[in-house]
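Novice: I would like the atomic coordinates for the input below:
(chains A and B)
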Amino acid sequence: MKVSLFIPCFVDLFYPQVGKAIVRTLEALGQQVVCPPGPACCGQPAFNTGYWDESRAVAVRMLEALKDAEVVVIASGSCGAMMKVFYPELFAGTPFEPLARELAPKCYEFSSFLVNKLGVTDLGARFPHRVTFHDGCHGLRELHNKRPPRELLARVQGLELVEMGEAETCCGFGGTFSAKFPMISTAMGDVKCGSALDTGAEYIVSCDSSCLMHLQGLIDRQRKPIKTIHLAEILCPP
Amino acid sequence: MSAPSLQFKEDARRLSADLRHRRIIQTAMGKYEVVRDQRQAAFQDWQAARQLAADTKWEAVNHLDRYLEELVRKLEARGTRVHWASTGQQAREAVLGILRDRQAKVVVKSKAMTAEEIHLNEAMEHAGYEVVESDLGEFIVQLREEPPYHIVFPAMHLTRDDIKEVFQRKLKDAPSSDPEELTMVARRVLREKYLQADVGITGANFAIAETGMISVTENEGNARLTAALPRTMITVVGIEKVLPRMADLALFLPMLAGMGTGQTITCYNTLYGGPRQPGESDGPEEYHVVLLDNQRTALLADPEQRDALRCIRCGACLNVCPIFRNVGGHTYGTTYCGPIGAVITPNLRGVQEWSHLSYASSLCGACTETCPVKIDLHHHLLQNRRNSTQCKPSWWQKLAFKAFAPVANKPGLWAMVTRLGRVGQVFHGLVKGTRFDPAYAWTKTRDLPPIARQSFREWWRNRA
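Specialist: Prediction:
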């Protein structure tokens, strides 16, 4: 299958290893990976802040870049939700609405693509650590992506998944929310980290680097004994 | 920034760092979640029940004209006086008019968020009436001279020691911080007030069009005493509380109890059909129902957010909201707090002043997921943000997003900005975490990862 891969802006800049891990994982499964020249961002920051015109200015380029794609894999549940769920709303009543509606069913968050589209759960990966999984809210509640990452983790050799009490509670990132209301965002992150630490896990795993950027930022500042890692980094072949 | 917005930011900053507050709320909510889940599991199919509840309220809301007329006709047929109030002012005047006519001195009240919404207590006290809240939680916050903290649990932010302290200070009576003893103190005070009161005021959980009845749900029996002892009874009810049929209560009463407090059913569920009828031995001499619009019809006219009128005020969205849990109910500065408050307050009280509540959300969607009547809460927050920027954009944010679009769209520009970012972050070290840091909102509490030496896009280009 020809897979059009979208690597969101912050993954591009801060976590290129996540993008590389996705490429390697998909290629190891025999997929042909392409990165169509398009925008670096899905337009979510402007959309979530209420500036829908400015968001469309970016999103429309994305629609054009991906209009011939067979299937689109997105390295983030949040950006995935933007493209799959919110583009049709953003472009409702505009000439681009049909393109947005065509794109939506072709979009998959990485873990959901592996499990739901390819039907793969065992990638032969090995990660001998105790981990806990953080559900990014958009992946969980907009894309209903609760099962796939856990099915993938269950097949990783040596990995022990311990669910935390607050697995489904927002970590407090929330895009521009984290800068508009930093103290609330930080308090939410503290609750999340506390819950993760209670499991005794060495790693917080997630499908969303944005949540992990926020959590790792708190962990580093407070020197907490836990690390964050994207699911793809665990699954990718060495 | 509007005054409510500044107040929100300041209170949110203070309370989100208050670990004692966080612990009290987390403990209370942890217990709630366990019993709520048990109640949901008791439904044969909880998702089907939610859909039925949403459909039933949707029918009522979409045919509000018809159901309200039916309700009023049937209420009046048994001698109830109905007062239509378009605004809070009209509702207050209707109530004050009744108090004057009945030459009342003491008013006893059971819990009513509509009364909070129209600031009825202040109006009555200002006019010289003594007003006593009879719901235990409301009684406590009234003594503390503060508004309810939560729409279902008005005093959930207080410990038993806090309550003992206010009882000692205001009632000069609090033998210990034992909940039972404290309740007995409140009971002694309140029993006197029921007997003195000339008028009793209640809210309503549902208004049944088919039979012309007001349904009140409670746990302490205080609403029944408020309704039964004074000679005059007044119910202040929002027009969206109408349910078409009596049989609908079979779903809504257990649903409200389960989601609101985690009970199978609340201890007392009473239907009020009118004043004392000839031959009856009890009930008030006069029964007045004040039907409150107060911008609800404006919300009804909004096809995008009309579903917010389905709300049964169970408080479930507050309970699961990580923002509410960290900043608490008072921080919102509104009658209705939490997600539902953030959705409806800009509609009810003005987009300009209240849109900050819609931004104070990570859009996690826990509220929408839990709402028993399936209000699309977190998507409405997004729409409120859009409405707010259309109404009054922030010029610098608009400019920033406008400038960002070509950078994101043009690979050459993006590559250049990536390189510039690497240079910039060398100097960032000098101001990092200080007031001069442009990323201070982030770096005050969090580290920021460095831009990678080779971005993904650079790697991909080299690879090809």
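Novice: Just want the residue of chain B that's nearest chain A.
Specialist: Distances between chain B and chain A by CB to the nearest CB are smallest at B:S362, namely 2.7 Å. Quick note: C-beta positions are derived from backbone N, CA and C, even for glycine.
Novice: Spit out the contact partners of that residue.
Specialist: Counting by CB atoms under 8 Å, 6 or more residues apart in numbering or on different chains, B:S362 touches A:C137, A:C170, A:G172, A:F173, A:G174, A:G175, A:F177, A:S178, A:S185, A:M188, B:P322, B:I323.
Novice: Go through these and flag which are in strands.
Specialist: If you go by DSSP state E, these have nothing in strands.
Novice: Buried ones among the residues you listed?
Specialist: Buried by 16 or more other CB atoms under 10 Å in any protein chain shown: A:C137, A:C170, A:G172, A:F173, A:G174, A:G175, A:F177, A:S178, A:S185, A:M188, B:P322, B:I323, out of those.
Novice: Reformat the residues you listed as TSV; add pLDDT.
Specialist: Below are the buried ones among the contacts of B:S362 laid out as TSV (pLDDT from 0 to 100):
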residue	pLDDT
A:C137	98
A:C170	98
A:G172	98
A:F173	97
A:G174	96
A:G175	95
A:F177	97
A:S178	97
A:S185	98
A:M188	97
B:P322	97
B:I323	97
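Novice: Nearest spatial neighbour of A:G139, chain-adjacent residues omitted?
Specialist: Using CB to CB, 6 or more residues apart in numbering or on different chains and skipping the chain neighbours, the partner closest in space to A:G139 is A:G77 (2.5 Å).
Novice: didn't the one you found look like it was pressed against A:E109?
Specialist: Yes - when contacts are counted by CB atoms under 8 Å, A:G77 is listed as touching A:E109 (4.8 Å).
Novice: where do the contact lists of those two overlap?
Specialist: With CB under 8 Å, 6+ apart as the test, A:G77 and A:E109 both reach A:G139, A:L143, A:N145, A:C207.
Novice: pull the CA atoms of stretch A:167-183 into CSV?
Specialist: C-alpha atoms of stretch A:167-183 as CSV (Å, rounded to 0.1, in the frame of the first residue of the first chain):
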residue,chain,number,x,y,z
ALA,A,167,-5.0,6.8,32.1
GLU,A,168,-8.0,8.6,30.4
THR,A,169,-7.6,11.9,32.2
CYS,A,170,-6.2,14.8,30.2
CYS,A,171,-2.5,15.5,30.8
GLY,A,172,-3.2,19.2,30.6
PHE,A,173,-1.4,20.0,27.4
GLY,A,174,-4.4,21.1,25.3
GLY,A,175,-2.4,23.1,22.6
THR,A,176,-2.6,26.8,23.2
PHE,A,177,-4.3,26.1,26.5
SER,A,178,-1.0,25.1,27.9
ALA,A,179,0.3,28.7,27.3
LYS,A,180,-2.9,30.5,28.0
PHE,A,181,-3.6,28.8,31.3
PRO,A,182,-0.1,27.4,32.3
MET,A,183,-0.9,26.9,36.0
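Novice: Mind telling me what element B:V82 is part of?
Specialist: Using DSSP states H and E, B:V82 sits within strand B:81-85.
Novice: got the CA coordinates for the helix or strand that that strand is followed by in PDB?
Specialist: Per DSSP H and E, strand B:81-85 leads on to helix B:88-101 as the next helix or strand towards the C-terminus. Taking C-alpha atoms only, helix B:88-101 is exported to PDB below (Å, rounded to 0.1, in the frame of the first residue of the first chain):
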ATOM      1  CA  GLY B  88     -34.300  37.600  35.700                       C
ATOM      2  CA  GLN B  89     -35.700  41.000  36.700                       C
ATOM      3  CA  GLN B  90     -39.200  40.000  35.800                       C
ATOM      4  CA  ALA B  91     -38.800  36.800  37.800                       C
ATOM      5  CA  ARG B  92     -37.500  38.600  40.800                       C
ATOM      6  CA  GLU B  93     -40.400  41.100  40.600                       C
ATOM      7  CA  ALA B  94     -42.900  38.300  40.400                       C
ATOM      8  CA  VAL B  95     -41.500  36.600  43.500                       C
ATOM      9  CA  LEU B  96     -41.200  39.900  45.400                       C
ATOM     10  CA  GLY B  97     -44.800  40.700  44.400                       C
ATOM     11  CA  ILE B  98     -46.000  37.500  45.900                       C
ATOM     12  CA  LEU B  99     -44.100  38.100  49.100                       C
ATOM     13  CA  ARG B 100     -45.700  41.600  49.400                       C
ATOM     14  CA  ASP B 101     -49.200  40.300  48.800                       C
END
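Novice: returning to what we had before: next, work out how far apart the residue of chain B closest to chain A and B:L99 are.
Specialist: 45 Å (CB to CB, to the nearest Å).
Novice: Same question for A:Y108.
Specialist: Taking CB to CB, one finds A:Y108 at 63 Å from B:L99.
Novice: On the three-state scheme, B:V132 is what?
Specialist: With DSSP: H, G, I helix; E, B strand; the rest coil as the basis, the three-state label of B:V132 is strand.
Novice: I'd assumed B:V106 was in contact with it.
Specialist: Yes - between B:V132 and B:V106 a contact is recorded at 7.1 Å, counting by CB under 8 Å.
Novice: For the two, list the residues in contact with both.
Specialist: Joint contacts of B:V132 and B:V106 (CB under 8 Å, 6+ apart) are B:K193, B:A197.
Novice: more neighbours, the two?
Specialist: The neighbour comparison of B:V132 against B:V106 (other CB atoms under 10 Å in any protein chain shown) goes to B:V132, with 20 against 17.
Novice: Residue ranges of each domain in chain A, please.
Specialist: As given by automatic domain parsing, the domain ranges for chain A are A:2-117, A:130-235.
Novice: and the ones you listed as a markdown table, adding distance to B:K432?
Specialist: Shown next, in a markdown table, are these (distance: least, CB to CB, whole Å):
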| stretch | distance to B:K432 |
| --- | --- |
| domain A:2-117 | 16 |
| domain A:130-235 | 11 |
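Novice: how about the residue nearest to A:G139, what does it touch?
Specialist: By CB under 8 Å, 6+ apart, the neighbours of A:G77 are A:E109, A:G136, A:H138, A:G139, A:L140, A:E142, A:L143, A:N145, A:C207, A:D208.
Novice: Centroid-nearest residue for the chain?
Specialist: This is for chain A. For chain A, A:S76 is the residue whose C-alpha lies nearest the centre (CA atoms, centre = their mean; 2.0 Å).
Novice: To clarify, I was referring to chain B.
Specialist: Central residue of chain B (CA atoms, centre = their mean): B:Y336, at 3.0 Å.
Novice: helix/strand/coil for it?
Specialist: Reduced to three states by three-state DSSP, B:Y336 is coil.
Novice: Show the model's pLDDT score for it.
Specialist: Looking at B:Y336, its pLDDT is 97.
Novice: from the chain's centre, how far out does the helix or strand containing B:F8 sit?
Specialist: Counting by DSSP H and E, the element that carries B:F8 is helix B:3-16. Centroid separation between helix B:3-16 and its chain, computed with CA atoms, centre = their mean, to the nearest Å, is 18 Å.
Novice: and it with chain A, contact?
Specialist: Yes - counting by CB under 8 Å from any CB of the partner chain, chain A has neighbours in helix B:3-16: B:K9, B:A12, B:R13, B:S16.
Novice: Stretch B:448-459 too?
Specialist: Yes - using CB under 8 Å from any CB, we find that stretch B:448-459 touches chain A at B:L448, B:P449, B:P450, B:I451, B:A452, B:Q454, B:S455, B:F456, B:R457, B:E458, B:W459.
Novice: In contact with the closest residue to the second one other than its chain neighbours, which residues?
Specialist: Closest residue in space to B:P449, ignoring its immediate chain neighbours: A:F14 at 4.5 Å, by CB to CB, 6+ apart. Shown here is A:F14, whose contacts under the criterion CB under 8 Å, 6+ apart are A:S209, A:M213, B:P449, B:P450, B:I451, B:A452.
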